[in-house]
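[1] pasting the structure only:
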RNA sequence: UCCUCCUUAGCUCAGUCGGUUAGAGCAUCUGACUGUUAAUCAGAGGGUCCCAGGUUCAAGUCCUGGAGGGGGAGCCA
(Lines give C-alpha, C1' and ligand atoms only; values in the text may rest on other atoms or scores of the structure.)
Protein backbone atom coordinates (compact mmCIF):
# COMPACT_ATOMS: atom_id res chain seq x y z
CA UNK A 1 0.00 0.00 0.00
CA UNK A 2 1.41 3.34 -1.09
CA UNK A 3 -0.25 5.09 1.82
CA UNK A 4 1.53 2.94 4.38
CA UNK A 5 4.96 3.77 3.02
CA UNK A 6 4.61 7.41 3.94
CA UNK A 7 6.05 8.16 7.30
CA UNK A 8 5.46 10.68 10.00
CA UNK A 9 8.21 13.11 10.78
CA UNK A 10 7.71 12.33 14.45
CA UNK A 11 8.80 8.73 13.86
CA UNK A 12 11.58 9.54 11.39
CA UNK A 13 13.27 11.91 13.81
CA UNK A 14 13.63 9.01 16.25
CA UNK A 15 14.69 6.52 13.60
CA UNK A 16 18.20 5.21 13.03
CA UNK A 17 17.46 3.33 9.79
CA UNK A 18 20.04 5.34 7.91
CA UNK A 19 20.15 4.65 4.20
CA UNK A 20 16.52 3.54 4.02
CA UNK A 21 14.14 5.07 1.52
CA UNK A 22 11.40 7.25 3.01
CA UNK A 23 8.54 9.47 1.87
CA UNK A 24 7.27 12.40 3.86
CA UNK A 25 4.50 14.88 3.15
CA UNK A 26 4.33 18.22 4.83
CA UNK A 27 4.37 21.98 4.78
CA UNK A 28 7.50 24.00 4.17
CA UNK A 29 8.53 26.24 7.04
CA UNK A 30 11.71 27.64 5.46
CA UNK A 31 14.05 27.04 2.58
CA UNK A 32 17.59 28.39 2.46
CA UNK A 33 20.77 27.65 0.56
CA UNK A 34 22.59 28.49 -2.65
CA UNK A 35 22.98 27.29 -6.23
CA UNK A 36 24.37 23.98 -5.15
CA UNK A 37 22.61 22.97 -2.00
CA UNK A 38 19.31 23.86 -0.37
CA UNK A 39 17.86 23.04 3.02
CA UNK A 40 14.12 22.71 3.51
CA UNK A 41 12.60 22.68 7.00
CA UNK A 42 9.54 20.48 6.62
CA UNK A 43 6.75 20.02 9.17
CA UNK A 44 3.86 17.58 8.95
CA UNK A 45 2.14 18.43 12.24
CA UNK A 46 2.94 15.09 13.86
CA UNK A 47 5.45 16.78 16.13
CA UNK A 48 6.67 20.29 16.76
CA UNK A 49 10.08 19.62 15.21
CA UNK A 50 10.80 19.96 11.50
CA UNK A 51 12.80 17.50 9.51
CA UNK A 52 15.59 18.87 7.37
CA UNK A 53 15.43 17.97 3.70
CA UNK A 54 18.74 18.38 1.89
CA UNK A 55 18.48 19.14 -1.82
CA UNK A 56 21.36 18.78 -4.25
CA UNK A 57 20.18 21.67 -6.38
CA UNK A 58 21.73 20.80 -9.79
CA UNK A 59 19.81 17.50 -9.79
CA UNK A 60 16.45 19.27 -9.71
CA UNK A 61 14.39 21.34 -12.10
CA UNK A 62 14.80 25.02 -11.24
CA UNK A 63 11.11 25.78 -11.79
CA UNK A 64 10.08 23.00 -9.40
CA UNK A 65 12.33 24.31 -6.63
CA UNK A 66 10.92 27.80 -7.10
CA UNK A 67 7.57 26.44 -6.03
CA UNK A 68 9.04 25.15 -2.77
CA UNK A 69 8.24 28.27 -0.76
CA UNK A 70 7.34 29.00 2.84
CA UNK A 71 3.81 27.68 3.30
CA UNK A 72 3.78 25.32 0.32
CA UNK A 73 2.88 21.67 0.69
CA UNK A 74 5.25 19.09 -0.77
CA UNK A 75 6.02 15.40 -0.87
CA UNK A 76 9.62 14.30 -0.58
CA UNK A 77 11.05 10.88 -1.28
CA UNK A 78 14.66 10.27 -0.41
CA UNK A 79 17.02 8.51 1.93
CA UNK A 80 17.25 8.98 5.66
CA UNK A 81 20.76 10.03 6.63
CA UNK A 82 22.73 11.05 9.67
CA UNK A 83 23.03 14.82 9.52
CA UNK A 84 26.38 16.48 8.91
CA UNK A 85 25.01 19.73 10.31
CA UNK A 86 24.77 20.83 13.91
CA UNK A 87 21.08 21.45 14.55
CA UNK A 88 19.68 17.96 13.99
CA UNK A 89 20.71 14.33 14.06
CA UNK A 90 18.79 13.01 11.06
CA UNK A 91 17.85 14.47 7.70
CA UNK A 92 16.46 13.38 4.36
CA UNK A 93 18.52 13.58 1.22
CA UNK A 94 15.92 14.33 -1.42
CA UNK A 95 15.64 11.99 -4.40
CA UNK A 96 12.43 13.45 -5.74
CA UNK A 97 10.11 16.27 -4.75
CA UNK A 98 6.55 16.88 -5.85
CA UNK A 99 4.34 19.85 -5.11
CA UNK A 100 0.87 19.29 -3.62
CA UNK A 101 0.11 22.99 -3.28
CA UNK A 102 2.27 26.03 -3.81
CA UNK A 103 1.96 29.19 -1.72
CA UNK A 104 2.46 32.69 -3.09
CA UNK A 105 5.16 34.17 -0.89
CA UNK A 106 3.90 37.71 -1.45
CA UNK A 107 0.48 36.78 -0.09
CA UNK A 108 1.17 34.07 2.49
CA UNK A 109 0.84 35.84 5.83
CA UNK A 110 3.02 33.56 7.96
CA UNK A 111 6.70 34.35 7.84
CA UNK A 112 9.43 32.28 9.38
CA UNK A 113 9.97 34.86 12.08
CA UNK A 114 7.58 35.04 14.95
CA UNK A 115 4.22 36.72 14.98
CA UNK A 116 2.17 38.13 17.81
CA UNK A 117 -0.65 35.95 19.12
CA UNK A 118 -3.05 38.78 18.31
CA UNK A 119 -2.03 38.71 14.66
CA UNK A 120 -2.32 34.95 14.16
CA UNK A 121 -5.69 35.09 15.90
CA UNK A 122 -6.87 37.16 12.94
CA UNK A 123 -5.84 34.37 10.58
CA UNK A 124 -7.32 31.50 12.54
CA UNK A 125 -7.66 29.45 9.36
CA UNK A 126 -3.85 29.32 9.03
CA UNK A 127 -3.09 29.39 12.74
CA UNK A 128 -2.60 25.61 13.02
CA UNK A 129 0.45 25.99 10.74
CA UNK A 130 2.33 27.86 13.45
CA UNK A 131 4.56 26.14 15.98
CA UNK A 132 2.67 27.65 18.88
CA UNK A 133 -0.78 26.67 17.76
CA UNK A 134 0.36 23.25 16.62
CA UNK A 135 1.72 22.68 20.12
CA UNK A 136 -1.49 23.92 21.72
CA UNK A 137 -3.65 21.71 19.50
CA UNK A 138 -1.60 18.61 20.21
CA UNK A 139 -1.77 19.29 23.96
CA UNK A 140 -5.50 19.96 23.67
CA UNK A 141 -5.93 16.59 22.02
CA UNK A 142 -3.81 14.86 24.65
CA UNK A 143 -5.88 16.39 27.45
CA UNK A 144 -9.18 15.38 25.84
CA UNK A 145 -7.90 11.85 25.42
CA UNK A 146 -6.54 11.73 28.98
CA UNK A 147 -9.89 12.87 30.38
CA UNK A 148 -11.71 10.00 28.70
CA UNK A 149 -8.97 7.59 29.74
CA UNK A 150 -9.06 8.73 33.35
CA UNK A 151 -12.81 8.33 33.65
CA UNK A 152 -12.89 5.07 31.75
CA UNK A 153 -10.14 3.64 33.97
CA UNK A 154 -12.11 4.69 37.05
CA UNK A 155 -15.42 3.12 36.05
CA UNK A 156 -17.23 6.23 34.83
CA UNK A 157 -19.65 6.21 31.90
CA UNK A 158 -19.63 8.96 29.28
CA UNK A 159 -23.06 10.60 29.01
CA UNK A 160 -24.07 12.80 26.09
CA UNK A 161 -26.09 15.70 27.46
CA UNK A 162 -28.27 17.56 24.95
CA UNK A 163 -26.94 20.74 23.39
CA UNK A 164 -30.37 22.15 22.69
CA UNK A 165 -32.36 22.37 25.87
CA UNK A 166 -35.83 23.42 26.89
CA UNK A 167 -34.75 24.12 30.44
CA UNK A 168 -33.03 27.26 31.62
CA UNK A 169 -33.17 26.27 35.25
CA UNK A 170 -29.47 25.91 35.78
CA UNK A 171 -29.05 29.63 36.05
CA UNK A 172 -25.39 29.55 35.08
CA UNK A 173 -25.75 32.49 32.74
CA UNK A 174 -27.55 34.13 29.83
CA UNK A 175 -28.54 31.66 27.13
CA UNK A 176 -28.58 31.73 23.34
CA UNK A 177 -32.05 31.20 21.88
CA UNK A 178 -32.55 28.42 19.35
CA UNK A 179 -35.42 29.12 16.99
CA UNK A 180 -36.58 28.77 13.40
CA UNK A 181 -39.18 31.52 13.73
CA UNK A 182 -38.97 34.48 11.35
CA UNK A 183 -37.21 37.19 13.38
CA UNK A 184 -39.11 39.91 11.49
CA UNK A 185 -42.56 38.40 11.87
CA UNK A 186 -42.76 35.82 14.64
CA UNK A 187 -46.17 34.37 15.44
CA UNK A 188 -47.65 36.20 18.41
CA UNK A 189 -49.96 35.33 21.27
CA UNK A 190 -52.95 37.55 21.99
CA UNK A 191 -50.95 39.40 24.66
CA UNK A 192 -48.21 40.23 22.13
CA UNK A 193 -45.61 37.73 23.36
CA UNK A 194 -44.01 35.30 20.94
CA UNK A 195 -45.96 32.08 20.42
CA UNK A 196 -43.31 29.41 20.73
CA UNK A 197 -45.88 26.69 20.21
CA UNK A 198 -45.34 27.41 16.54
CA UNK A 199 -41.57 27.05 16.82
CA UNK A 200 -39.63 23.95 15.77
CA UNK A 201 -39.83 22.21 19.14
CA UNK A 202 -43.21 23.64 20.10
CA UNK A 203 -41.61 25.50 22.99
CA UNK A 204 -38.86 27.99 23.67
CA UNK A 205 -35.44 26.36 23.41
CA UNK A 206 -31.88 27.45 24.18
CA UNK A 207 -28.30 26.28 23.85
CA UNK A 208 -27.21 24.50 27.01
CA UNK A 209 -25.15 26.28 29.66
CA UNK A 210 -24.33 23.03 31.46
CA UNK A 211 -24.95 19.32 31.24
CA UNK A 212 -25.08 18.97 34.99
CA UNK A 213 -28.78 18.39 35.53
CA UNK A 214 -28.83 15.70 32.86
CA UNK A 215 -25.66 14.16 34.31
CA UNK A 216 -27.38 13.97 37.69
CA UNK A 217 -30.22 11.96 36.18
CA UNK A 218 -27.70 9.52 34.73
CA UNK A 219 -25.65 9.31 37.94
CA UNK A 220 -28.78 8.30 39.81
CA UNK A 221 -28.95 5.23 37.58
CA UNK A 222 -25.40 4.41 36.44
CA UNK A 223 -23.52 5.56 39.53
CA UNK A 224 -20.43 7.23 38.08
CA UNK A 225 -20.88 9.32 34.94
CA UNK A 226 -19.41 12.34 33.18
CA UNK A 227 -20.24 14.63 30.33
CA UNK A 228 -17.73 16.30 28.05
CA UNK A 229 -19.23 18.63 25.52
CA UNK A 230 -19.72 22.18 24.32
CA UNK A 231 -21.58 24.69 26.47
CA UNK A 232 -22.72 28.20 25.68
CA UNK A 233 -23.00 31.44 27.62
CA UNK A 234 -24.45 34.59 26.08
CA UNK A 235 -22.77 36.79 28.67
CA UNK A 236 -21.05 39.94 27.47
CA UNK A 237 -17.78 38.82 29.02
CA UNK A 238 -14.67 40.36 27.52
CA UNK A 239 -11.81 38.76 29.37
CA UNK A 240 -8.89 36.44 28.60
CA UNK A 241 -10.65 33.72 30.62
CA UNK A 242 -14.14 33.60 29.07
CA UNK A 243 -15.64 32.22 25.89
CA UNK A 244 -19.23 32.24 24.64
CA UNK A 245 -18.71 28.66 23.44
CA UNK A 246 -16.50 26.45 25.53
CA UNK A 247 -16.10 22.80 26.46
CA UNK A 248 -16.86 21.51 29.89
CA UNK A 249 -16.21 18.26 31.70
CA UNK A 250 -18.86 17.46 34.30
CA UNK A 251 -18.48 14.29 36.37
CA UNK A 252 -21.42 13.36 38.57
CA UNK A 253 -21.13 10.64 41.21
CA UNK A 254 -23.81 8.84 43.21
CA UNK A 255 -22.91 8.19 46.87
CA UNK A 256 -20.15 10.83 46.83
CA UNK A 257 -20.22 13.53 49.48
CA UNK A 258 -18.40 16.86 49.20
CA UNK A 259 -15.15 15.34 50.49
CA UNK A 260 -15.25 12.55 47.91
CA UNK A 261 -15.93 15.25 45.34
CA UNK A 262 -12.79 17.11 46.41
CA UNK A 263 -10.73 13.92 46.33
CA UNK A 264 -11.83 13.26 42.77
CA UNK A 265 -11.22 16.84 41.60
CA UNK A 266 -7.69 16.82 42.98
CA UNK A 267 -6.83 13.36 41.72
CA UNK A 268 -8.15 14.07 38.24
CA UNK A 269 -6.37 17.41 37.85
CA UNK A 270 -3.10 15.87 38.99
CA UNK A 271 -3.56 12.95 36.63
CA UNK A 272 -4.15 15.27 33.68
CA UNK A 273 -1.16 17.46 34.45
CA UNK A 274 1.06 14.43 34.94
CA UNK A 275 -0.23 13.06 31.64
CA UNK A 276 0.75 16.27 29.87
CA UNK A 277 4.23 16.25 31.42
CA UNK A 278 4.76 12.63 30.40
CA UNK A 279 3.27 12.79 26.90
CA UNK A 280 3.68 16.34 25.63
CA UNK A 281 7.21 17.19 26.67
CA UNK A 282 8.34 18.50 23.26
CA UNK A 283 5.42 20.88 23.00
CA UNK A 284 5.68 21.96 26.63
CA UNK A 285 9.38 22.69 26.24
CA UNK A 286 8.66 24.80 23.19
CA UNK A 287 5.94 26.79 24.97
CA UNK A 288 8.17 27.22 27.98
CA UNK A 289 10.98 28.57 25.83
CA UNK A 290 8.75 30.94 23.88
CA UNK A 291 6.23 32.21 26.42
CA UNK A 292 6.59 31.11 29.98
CA UNK A 293 9.91 30.02 31.43
CA UNK A 294 8.27 28.80 34.65
CA UNK A 295 5.76 26.54 32.86
CA UNK A 296 7.16 23.08 33.54
CA UNK A 297 8.18 23.96 37.09
CA UNK A 298 4.69 25.24 37.76
CA UNK A 299 3.08 22.06 36.38
CA UNK A 300 5.37 19.92 38.49
CA UNK A 301 4.81 22.01 41.62
CA UNK A 302 1.07 21.37 41.49
CA UNK A 303 1.74 17.63 41.75
CA UNK A 304 3.82 17.75 44.91
CA UNK A 305 1.51 18.66 47.79
CA UNK A 306 -2.13 18.08 48.59
CA UNK A 307 -4.30 20.96 47.50
CA UNK A 308 -5.20 23.24 50.39
CA UNK A 309 -8.75 22.60 51.61
CA UNK A 310 -10.55 25.23 53.61
CA UNK A 311 -14.01 26.48 54.38
CA UNK A 312 -15.30 29.72 52.98
CA UNK A 313 -15.44 31.05 56.53
CA UNK A 314 -11.75 30.26 57.10
CA UNK A 315 -10.91 31.93 53.78
CA UNK A 316 -12.73 35.05 54.89
CA UNK A 317 -10.79 35.00 58.18
CA UNK A 318 -7.46 34.69 56.39
CA UNK A 319 -8.34 37.56 54.06
CA UNK A 320 -9.53 39.74 56.92
CA UNK A 321 -6.36 39.09 58.90
CA UNK A 322 -4.11 39.67 55.89
CA UNK A 323 -3.89 43.41 56.41
CA UNK A 324 -4.23 43.82 52.65
CA UNK A 325 -6.34 46.73 51.48
CA UNK A 326 -8.67 45.01 48.99
CA UNK A 327 -10.73 46.98 46.50
CA UNK A 328 -13.72 44.87 47.53
CA UNK A 329 -13.90 44.87 51.34
CA UNK A 330 -13.91 41.45 52.95
CA UNK A 331 -16.76 40.33 55.15
CA UNK A 332 -18.67 37.10 55.64
CA UNK A 333 -21.32 36.77 52.95
CA UNK A 334 -19.50 38.38 50.03
CA UNK A 335 -18.62 36.40 46.95
CA UNK A 336 -14.86 36.02 46.65
CA UNK A 337 -13.49 38.39 44.02
CA UNK A 338 -10.49 37.79 41.76
CA UNK A 339 -8.22 39.80 44.03
CA UNK A 340 -9.24 37.63 47.00
CA UNK A 341 -8.73 34.38 45.12
CA UNK A 342 -5.38 35.56 43.83
CA UNK A 343 -4.28 36.51 47.33
CA UNK A 344 -5.12 33.07 48.70
CA UNK A 345 -3.58 31.07 45.85
CA UNK A 346 -0.59 33.17 44.84
CA UNK A 347 0.36 35.01 48.02
CA UNK A 348 -0.87 33.11 51.06
CA UNK A 349 -0.70 29.42 50.18
CA UNK A 350 1.26 29.48 46.90
CA UNK A 351 -0.51 26.34 45.69
CA UNK A 352 -3.96 25.25 44.48
CA UNK A 353 -6.76 25.90 46.95
CA UNK A 354 -10.15 24.21 47.30
CA UNK A 355 -12.77 26.28 49.08
CA UNK A 356 -16.06 24.77 50.25
CA UNK A 357 -19.14 25.57 52.32
CA UNK A 358 -20.14 28.93 50.88
CA UNK A 359 -23.09 31.08 52.01
CA UNK A 360 -26.20 29.73 50.32
CA UNK A 361 -27.14 33.18 48.98
CA UNK A 362 -24.23 33.31 46.54
CA UNK A 363 -24.57 29.76 45.19
CA UNK A 364 -26.98 27.80 42.99
CA UNK A 365 -30.30 26.31 44.10
CA UNK A 366 -29.28 22.66 43.78
CA UNK A 367 -26.44 22.69 46.31
CA UNK A 368 -26.87 20.72 49.51
CA UNK A 369 -27.67 22.76 52.60
CA UNK A 370 -25.44 22.26 55.64
CA UNK A 371 -26.90 21.74 59.09
CA UNK A 372 -26.08 25.34 59.99
CA UNK A 373 -28.85 26.42 57.61
CA UNK A 374 -26.76 29.19 56.08
CA UNK A 375 -24.01 27.49 54.09
CA UNK A 376 -24.12 24.99 51.23
CA UNK A 377 -21.69 22.28 50.20
CA UNK A 378 -20.26 24.17 47.26
CA UNK A 379 -16.72 23.66 46.04
CA UNK A 380 -14.43 25.93 44.05
CA UNK A 381 -10.96 24.85 42.97
CA UNK A 382 -8.65 27.82 42.51
CA UNK A 383 -5.47 27.57 40.46
CA UNK A 384 -2.53 29.92 40.16
CA UNK A 385 -2.71 32.27 37.13
CA UNK A 386 -6.26 31.35 36.11
CA UNK A 387 -8.41 31.46 39.23
CA UNK A 388 -11.47 29.25 39.28
CA UNK A 389 -10.82 26.12 37.24
CA UNK A 390 -13.52 23.95 38.83
CA UNK A 391 -16.87 24.72 40.38
CA UNK A 392 -18.93 21.96 41.97
CA UNK A 393 -20.96 20.81 44.93
CA UNK A 394 -22.69 18.05 46.75
CA UNK A 395 -26.26 18.21 45.43
CA UNK A 396 -29.36 18.65 47.53
CA UNK A 397 -30.89 15.17 47.59
CA UNK A 398 -33.74 15.89 49.99
CA UNK A 399 -36.97 16.51 48.08
CA UNK A 400 -38.53 18.91 50.57
CA UNK A 401 -35.40 21.02 50.98
CA UNK A 402 -34.83 21.20 47.24
CA UNK A 403 -38.42 22.19 46.58
CA UNK A 404 -38.27 24.84 49.28
CA UNK A 405 -35.14 26.32 47.72
CA UNK A 406 -36.72 26.28 44.24
CA UNK A 407 -39.75 28.15 45.57
CA UNK A 408 -37.57 30.60 47.45
CA UNK A 409 -35.84 31.51 44.19
CA UNK A 410 -39.08 31.60 42.17
CA UNK A 411 -37.96 28.91 39.77
CA UNK A 412 -41.12 27.61 38.02
CA UNK A 413 -41.78 24.08 39.25
CA UNK A 414 -43.08 23.06 35.83
CA UNK A 415 -39.58 23.62 34.38
CA UNK A 416 -37.84 21.28 36.81
CA UNK A 417 -40.45 18.61 37.57
CA UNK A 418 -38.25 15.96 36.03
CA UNK A 419 -35.29 17.03 38.15
CA UNK A 420 -37.44 16.98 41.29
CA UNK A 421 -38.65 13.49 40.35
CA UNK A 422 -35.17 12.07 40.98
CA UNK A 423 -35.47 13.18 44.61
CA UNK A 424 -38.93 11.68 44.79
CA UNK A 425 -37.96 8.24 43.50
CA UNK A 426 -34.90 6.57 44.95
CA UNK A 427 -32.95 9.69 45.82
CA UNK A 428 -29.32 9.27 46.84
CA UNK A 429 -26.53 11.52 48.02
CA UNK A 430 -24.46 12.62 45.05
CA UNK A 431 -21.90 15.19 44.01
CA UNK A 432 -20.21 16.54 40.94
CA UNK A 433 -18.29 19.41 39.44
CA UNK A 434 -17.61 21.26 36.23
CA UNK A 435 -14.11 21.61 34.83
CA UNK A 436 -13.63 24.26 32.15
CA UNK A 437 -11.66 22.49 29.44
CA UNK A 438 -10.11 25.64 28.00
CA UNK A 439 -9.08 26.83 31.46
CA UNK A 440 -7.32 23.52 31.96
CA UNK A 441 -5.57 24.00 28.61
CA UNK A 442 -4.63 27.56 29.62
CA UNK A 443 -2.95 26.25 32.73
CA UNK A 444 -1.19 23.36 31.01
CA UNK A 445 0.07 25.35 28.02
CA UNK A 446 0.95 28.53 29.91
CA UNK A 447 -0.95 30.57 27.33
CA UNK A 448 -2.46 33.70 28.80
CA UNK A 449 -5.51 34.26 26.58
CA UNK A 450 -8.26 31.65 26.32
CA UNK A 451 -8.75 32.61 22.67
CA UNK A 452 -5.39 30.99 21.96
CA UNK A 453 -6.30 27.53 23.25
CA UNK A 454 -9.41 26.81 21.15
CA UNK A 455 -9.32 26.51 17.35
CA UNK A 456 -12.16 28.93 16.65
CA UNK A 457 -12.94 31.18 19.61
CA UNK A 458 -16.48 32.49 19.99
CA UNK A 459 -16.57 35.73 21.94
CA UNK A 460 -18.79 38.83 21.99
CA UNK A 461 -18.76 40.44 18.52
CA UNK A 462 -16.61 37.69 17.05
CA UNK A 463 -17.72 34.54 15.22
CA UNK A 464 -15.35 34.80 12.24
CA UNK A 465 -14.37 31.48 10.61
C1' U B 1 -21.05 46.41 30.48
C1' C B 2 -17.23 49.69 33.20
C1' C B 3 -11.96 51.63 33.57
C1' U B 4 -7.48 52.10 30.80
C1' C B 5 -4.03 51.82 26.75
C1' C B 6 -3.44 51.04 21.56
C1' U B 7 -4.51 51.31 15.83
C1' U B 8 1.37 54.26 10.65
C1' A B 9 4.42 49.13 4.83
C1' G B 10 2.83 41.88 4.76
C1' C B 11 4.68 41.71 10.33
C1' U B 12 6.87 44.45 14.72
C1' C B 13 7.40 49.41 15.60
C1' A B 14 9.69 54.82 15.43
C1' G B 15 7.72 59.46 13.79
C1' U B 16 10.33 65.67 18.19
C1' C B 17 6.63 71.76 19.23
C1' G B 18 1.19 70.77 14.07
C1' G B 19 5.41 72.29 8.92
C1' U B 20 7.26 70.96 3.05
C1' U B 21 9.30 64.24 -0.30
C1' A B 22 6.30 59.46 6.28
C1' G B 23 11.17 56.07 8.32
C1' A B 24 13.68 51.44 10.50
C1' G B 25 14.16 46.14 11.36
C1' C B 26 12.17 41.73 9.67
C1' A B 27 9.39 39.56 5.55
C1' U B 28 9.07 39.63 -0.06
C1' C B 29 11.73 40.07 -4.91
C1' U B 30 16.70 40.23 -7.62
C1' G B 31 21.87 39.10 -7.20
C1' A B 32 26.32 36.82 -4.46
C1' C B 33 27.94 32.59 -1.55
C1' U B 34 29.50 24.45 -2.04
C1' G B 35 26.33 22.28 4.80
C1' U B 36 22.56 26.17 6.17
C1' U B 37 20.09 26.40 11.42
C1' A B 38 15.14 32.74 12.76
C1' A B 39 21.86 31.70 7.51
C1' U B 40 24.86 35.89 5.90
C1' C B 41 26.06 40.04 2.41
C1' A B 42 24.42 43.78 -1.56
C1' G B 43 20.39 46.10 -4.03
C1' A B 44 15.06 46.88 -5.24
C1' G B 45 9.85 47.20 -4.76
C1' G B 46 6.21 48.06 -1.06
C1' G B 47 1.76 53.41 2.43
C1' U B 48 -6.49 54.65 2.15
C1' C B 49 -1.04 56.88 8.61
C1' C B 50 -8.40 52.35 11.31
C1' C B 51 -13.20 55.14 9.69
C1' A B 52 -16.30 59.80 9.61
C1' G B 53 -16.47 64.73 10.80
C1' G B 54 -14.04 69.25 12.85
C1' U B 55 -10.05 73.14 14.12
C1' U B 56 -5.95 75.31 11.19
C1' C B 57 -2.45 78.74 6.01
C1' A B 58 -0.96 73.57 7.11
C1' A B 59 -3.08 67.32 10.55
C1' G B 60 0.07 60.73 10.93
C1' U B 61 0.41 64.53 14.98
C1' C B 62 -4.88 68.58 18.00
C1' C B 63 -10.60 68.00 19.03
C1' U B 64 -15.47 65.13 18.66
C1' G B 65 -17.90 60.65 17.37
C1' G B 66 -17.51 55.55 15.72
C1' A B 67 -15.11 50.68 14.79
C1' G B 68 -11.45 47.02 16.01
C1' G B 69 -7.70 45.13 19.41
C1' G B 70 -4.75 44.59 24.29
C1' G B 71 -4.72 44.81 29.75
C1' G B 72 -7.73 45.23 34.27
C1' A B 73 -12.83 44.68 36.63
C1' G B 74 -17.75 42.38 36.84
C1' C B 75 -20.53 37.69 35.36
C1' C B 76 -18.42 32.45 35.54
C1' A B 77 -15.94 27.41 33.90
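    Received it, and whenever you're ready, just let me know what you need. No experiment lies behind these values; they were computed from the predicted model shown.
[2] can we go C-alpha only for contacts and neighbour counts from here?
    OK.
[3] Tell me which residues are up against the helix or strand containing residue A:52.
    In the assignment (DSSP states H and E), residue A:52 maps to strand A:51-56. Here strand A:51-56 makes contact (Cα atoms under 8 Å, 6 or more residues apart in numbering) with A:9, A:13, A:36-43, A:88, A:90-94.
[4] from the middle of its chain, how far away would it be?
    Put simply, strand A:51-56 sits 37 Å off its chain's centre (Cα atoms, centre = their mean, to the nearest Å).
[5] Also stretch A:116-124?
    With Cα atoms, centre = their mean, you get 19 Å for stretch A:116-124.
[6] do the same with stretch A:190-207
    Worked out by Cα atoms, centre = their mean, stretch A:190-207 lies 34 Å from the chain centre.
[7] Now it: average pLDDT?
    The pLDDT scores in stretch A:190-207 average 93.
[8] what's the span of stretch A:442-459, first residue to last?
    Taking Cα to Cα, to the nearest Å, the first and last residues of stretch A:442-459 lie 16 Å apart.
[9] So which bits of the stretch 1-150 of chain A are right by RNA strand B?
    Proximity of the stretch 1-150 of chain A to RNA strand B is confined to A:30, A:32-37, A:39, A:54, A:69-70, A:83-88, A:91, A:105-107, A:109, A:111-116, A:118-119 under the rule Cα under 7 Å from any atom of the strand.
[10] can you pull the buried residues of the strand or helix carrying residue A:137?
    Taking DSSP H and E as the definition, residue A:137 sits inside helix A:131-153. For helix A:131-153, a neighbour-count test (16 or more other Cα atoms under 10 Å) marks A:131-140, A:142-144, A:146-148, A:150-151 as buried.
[11] helix or strand right after that helix?
    That would be, after helix A:131-153 and using DSSP H and E, strand A:157-158.
[12] Look up phi and psi at residue A:109.
    phi -80, psi -20 (degrees, to the nearest 10).
[13] no no, residue A:308
    phi -70, psi 130.
[14] What number of neighbouring residues does the residue nearest to it when sequence neighbours are not counted come out with?
    In this structure, residue A:308 finds its nearest non-sequential neighbour in residue A:353, 4.6 Å apart by Cα to Cα, 6 or more residues apart in numbering. Neighbours of residue A:353 under the rule other Cα atoms under 10 Å: 24.
[15] and if you look at residue A:352?
    Neighbours of residue A:352 (other Cα under 10 Å): 24.
[16] distance of it from residue A:150?
    Distance from residue A:352 to residue A:150, by Cα to Cα: 21 Å.
[17] With residue A:63 instead?
    52 Å.
[18] For residue A:431, pull up the helix or strand it's in.
    strand A:430-436.
[19] List the contacts of that strand.
    By Cα under 8 Å, 6+ apart, strand A:430-436 touches A:212, A:219, A:246-258, A:261, A:265, A:389-395, A:397.
[20] what packs against the helix or strand where residue A:221 lies?
    Assigned by DSSP H and E, residue A:221 falls within helix A:212-222. If contacts are counted by 3 or more Cα pairs under 8 Å, 6 or more residues apart in numbering; DSSP states H and E, helix A:212-222 sits against strand A:224-232, strand A:245-254, helix A:417-424.
[21] what comes up buried for that helix?
    A:212, A:213, A:214, A:215, A:216, A:217, A:218, A:219, A:220.
[22] Can you tell me which of those is closest to residue A:365?
    residue A:213 (11.8 Å; Cα to Cα).
[23] re the thing from before, next, see if the helix holding residue A:221 gets close to RNA strand B.
    No. Helix A:212-222 lies out of reach of RNA strand B by Cα under 7 Å from any atom of the strand, never closer than 9.5 Å.
[24] and that helix, how far out from the chain's middle?
    For helix A:212-222, the distance to the chain centre is 23 Å (Cα atoms, centre = their mean).
[25] Tell me the secondary structure at the residue sitting furthest away from the middle of chain A.
    No residue in chain A sits farther from the centre than residue A:58, which is 48.8 Å out by Cα atoms, centre = their mean. On the three-state scheme (DSSP: H, G, I helix; E, B strand; the rest coil), residue A:58 is labelled helix.
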